[in-house]
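J.: need a structure here:
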Amino acid sequence: MKSLTSLWTVMAEDLAITCCTSATLDIKTVKRRVECEGLSFLTITLPDLGKATQKWLDLGHATFHPSVYYRRGRSLPEFLQGFFGRVFDPVSGVLLDDPDIDAIFAIRQLTLSFGKILHPCSDTRIKEAMSDFVKCEREVREFDSNITERDLCEFERMSNLLFGSVFSKMDSDIHYGTLLPKHGPGATADRLTSNGKYNSRAWTTRLEKIFPSHEFLIPNLNFIGELDKESFSEPDAETPVRVVSVPKTMKTPRIIAIEPSCMQYTQQAILRCFLDHFSRDELLKKMIGFDDQSLNQRYARLGSIDGQLATLDLSEASDRVSNQLVRAMVRRWPHLHEALDACRSRRADVPGLGVQRLAKYASMGSALCFPIEAMVFTTIIFLGIQKSLNTSLTRKDIKRLSGSVRVYGDDLIVPVRQVRMIVQTLEHFGARVGLAKSFWTGKFRESCGKEYYSGRDVSIVRVRRDIPSTITDATELISTVSLRNQLAEVGCFERTVEWLDNRLRKILKYFPEVGPDSSVLGRVSRDHHGLTGGRWDPSLHIRLVRGYFVQGKPPNDPLGDTGALLKCLLRLESRFPTGVVRVDTDLLPCYEPSPTYEFPETPSRSHKSSLRMPSVSQDEKHLERSGRPKHVSIKLGWRPAA
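T.: Numbering: from 1, shown residues only. Purely as a prediction, here's the structure:
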């Protein structure tokens, strides 16, 4: 806690210099309140003030906030008054005509930077989150009972207009049995290991109707005898999803639902089919994203300049997508309808609250959660536009409007002219718009991790983990090196970067200057082409530096016999989907790709490489080791400098 307070202090001093003000009293306030309130002041109280400030920018004036002290007769808090006074009028609280954008960035950095540090929530907050999960489920059921058939028909017509072509092709693929399943490396409700999933014979009667076990669980019909020991679970006996909490913020955890392996396996088959056809639809690609956030971020910047685009954020987005809406969306395509229903888990095991029947389509954890919610939200957005324009939209109209709509999960970009009707329509269909994180009035916009004010990037650098104290704190070291390099890239944190360098040098014997693509934990240089030091590799003709790099091995997970053959054939067929896959299995390991592991703490592309483990070929070992590394370590050695 002391080191995090010291980090906040040096950041405040750097930003005060940039904004030509003083942070002396602010530093005293933070130290005093951290002593009294603990780490929650940095991780909960200050982020609440930061979120309120973002809304003040949108509304055009500051309002009272209970977490900070106000002097009588003034509308701005005493805390950070040197920064707030450069953005809002100190007396009236009205946004200045020409606010200091550096001060806006400083306020956001000093209030929000610790808001998503990966500390576990208290047991009380986790219990509250689980109760909210069940409460949300009840609200989805209430929506299902209140929605009219006319609403469903309108929803169905619009979704058919948008996705009819994709759904038709998916329906055909399912009918002719061309789907290719996949096991992922993640956890499953039945607690199988990564390779152990290929030996599983657990299946359900619902899956058997649309995904025959002899086509999905064994390499070919020569192994049909192994299906004698399988057990088909009836709907009431199916394994429920396992609801768990994972760290998100200290205020609230993230709730996810871990799917059974058989459901996850078939969900991946439908996902692969959907993405294949979606990628060929030029219109849908303009409006929906699954792996590229840059277009959402670009739209957010444009919206902050001309005010024509709004950014919306949805609360509990996936948990509020009703299964009734999904059934209406695909009911014209019987094979797709049955497949989506068969691979959907109907029950959830909630800690402390027992097994609950689900009305939502799926929670986070399902492979289909993200694409399903994106399609549902896109449909509702165009229903809102249609109501606002008071006319029935055609495919041609949608093409004309496609440049003002963008959906990436629960991050929505919509036209400001229709935003109020879109918000009403979203909530009419069961979604909940987080108005505190949605912007369309002022010049502030936020989407997919990027924030802009009047076209200027005011995105902050977040602290994700504690400051390390020893070399054994590998995860903290990796995150802190990334933090150091991100702050150095911003360019206004000289003292902070120096403070972090001193802390890291006490732990790391070697902390060299490296380029942005180096795997070494080092100080990323802007002029990486002019790097000196280290040694020259005469064979590779590159410069090497001595430093620490990240190392992590998949856990031991031996797989043999039928399971090994099934895994190899599936991986080969995924590379050559139109080819013949019944080949000599001795040749199969050469097609196994080398895994690359990246840590999610780093939003900046330029620093991903500093957290990347060296790519050690696992081609011949994927039947011995598989899954995500249970822990990582750092190792000293010579690696490329750039």
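J.: Check the contact between Arg456 and Ile101; I expect there is one.
T.: Yes. Judged on C-beta atoms under 8 Å, Arg456 makes contact with Ile101 at a distance of 4.8 Å. (Each C-beta comes from the backbone N, C-alpha and C, glycine too.)
J.: what's the neighbour count on the closest residue to Val545 other than its chain neighbours?
T.: For Val545, ignoring the flanking residues on the chain, the nearest one in space by C-beta to C-beta, 6 or more residues apart in numbering is Gly534 at 3.9 Å. By other C-beta atoms under 10 Å, 20 other residues sit near Gly534.
J.: do the same with Arg327
T.: Arg327 has 15 nearby residues by other C-beta under 10 Å.
J.: Next, the buried residues of the longest helix along the chain.
T.: For the chain, the helix that runs over the most residues, judged by DSSP state H, is helix 149-175. Taking 16 or more other C-beta atoms under 10 Å as the basis for neighbour counts, the residues of helix 149-175 that come out buried are 151-152, 154-163, 165-167, 169-171, 173-174.
J.: Can you tell me which helices and strands that helix packs against?
T.: Under the contact criterion of 3 or more C-beta pairs under 8 Å, 6 or more residues apart in numbering; DSSP states H and E, the helices and strands touching helix 149-175 comprise helix 261-278, helix 282-287, helix 323-330, helix 334-342, helix 369-389, helix 395-401.
J.: Same list, the ones you listed, but as a markdown table with distance to Ile147 and mean pLDDT please.
T.: Listed next are these as a markdown table, based on distance: least, C-beta to C-beta, whole Å; pLDDT from 0 to 100:
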| stretch | distance to Ile147 | mean pLDDT |
| --- | --- | --- |
| helix 261-278 | 25 | 96 |
| helix 282-287 | 24 | 94 |
| helix 323-330 | 7 | 96 |
| helix 334-342 | 18 | 97 |
| helix 369-389 | 12 | 96 |
| helix 395-401 | 23 | 94 |
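J.: And Pro538, how far from Leu544?
T.: Between Pro538 and Leu544 the distance is 11 Å, computed by C-beta to C-beta, to the nearest Å.
J.: Which of the two has more residues huddled nearby?
T.: With other C-beta under 10 Å as the criterion, Pro538 and Leu544 differ in neighbour count, and Leu544 comes out ahead with 18 against 7.
J.: What helix or strand is the closest residue to Thr111 other than its chain neighbours located in?
T.: Spatially, and ignoring its direct neighbours in sequence, Thr111 is nearest to Gly50 (3.1 Å; C-beta to C-beta, 6+ apart). Under DSSP states H and E, the secondary-structure element containing Gly50 is helix 46-59.
J.: could you point out which element follows that helix?
T.: Heading C-terminal from helix 46-59, the first helix or strand you meet, by DSSP H and E, is helix 81-84.
J.: name the helices or strands packed onto that next one?
T.: Right, helix 81-84 is packed against helix 101-112 by 3+ C-beta pairs under 8 Å, 6+ apart.
J.: which parts of the helix it packs on are buried?
T.: Here helix 101-112 shows 101-112 as buried, counting by 16+ other C-beta under 10 Å.
J.: sorry, back to before: any idea of the angle the longest helix of the chain forms with helix 334-342?
T.: 100 degrees (axes from the mean of the first three to the mean of the last three C-alpha atoms, to 10 degrees).
J.: For the helix or strand just after helix 149-175, which strands pair with it and how are they oriented?
T.: Next in sequence after helix 149-175, counting helices and strands by DSSP H and E, comes strand 202-204. Using DSSP bridges, the neighbouring strands of strand 202-204 in the sheet come out as strand 231-233 (parallel).
J.: in the strand it pairs with, what's buried?
T.: Residues Ser233 are the ones in strand 231-233 that count as buried (16+ other C-beta under 10 Å).
J.: Not counting its own residues, what contacts it?
T.: The contact list for strand 231-233, computed with C-beta atoms under 8 Å, 6 or more residues apart in numbering, reads 201-205, 208, 213, 239.
J.: So what would you say the end-to-end distance of stretch 104-124 is?
T.: The separation between the terminal residues of stretch 104-124, taken as C-alpha to C-alpha, to the nearest Å, is 34 Å.
J.: list the contacts for the nearest residue to Met375 once chain neighbours are set aside?
T.: Distance criterion C-beta to C-beta, 6+ apart; nearest residue to Met375, sequence neighbours excluded, is Phe163 at 6.0 Å. Residues in contact with Phe163 (C-beta under 8 Å, 6+ apart) are 284, 329, 375, 379.
J.: nearest to Trp8, of those residues?
T.: Looking at the contacts of Phe163 and their distance to Trp8, the nearest is Met375, at 42.2 Å (C-beta to C-beta).
J.: Isn't that closest one up against Met158?
T.: No. Taking contacts as C-beta under 8 Å, Met375 lies outside contact range of Met158: 10.6 Å.
J.: Give the helix, strand or coil label for Gly547.
T.: Reducing the assignment to helix, strand or coil with DSSP: H, G, I helix; E, B strand; the rest coil, the entry for Gly547 is strand.
J.: Local confidence estimate at it?
T.: As summarised for this prediction, Gly547 has a pLDDT of 93.
J.: List phi and psi for the closest residue to it other than its chain neighbours.
T.: The shortest distance from Gly547 to any non-neighbouring residue, by C-beta to C-beta, 6+ apart, is to Val520 (3.8 Å). For Val520, the backbone dihedrals (degrees, to the nearest 10) come out as phi -80, psi 140.
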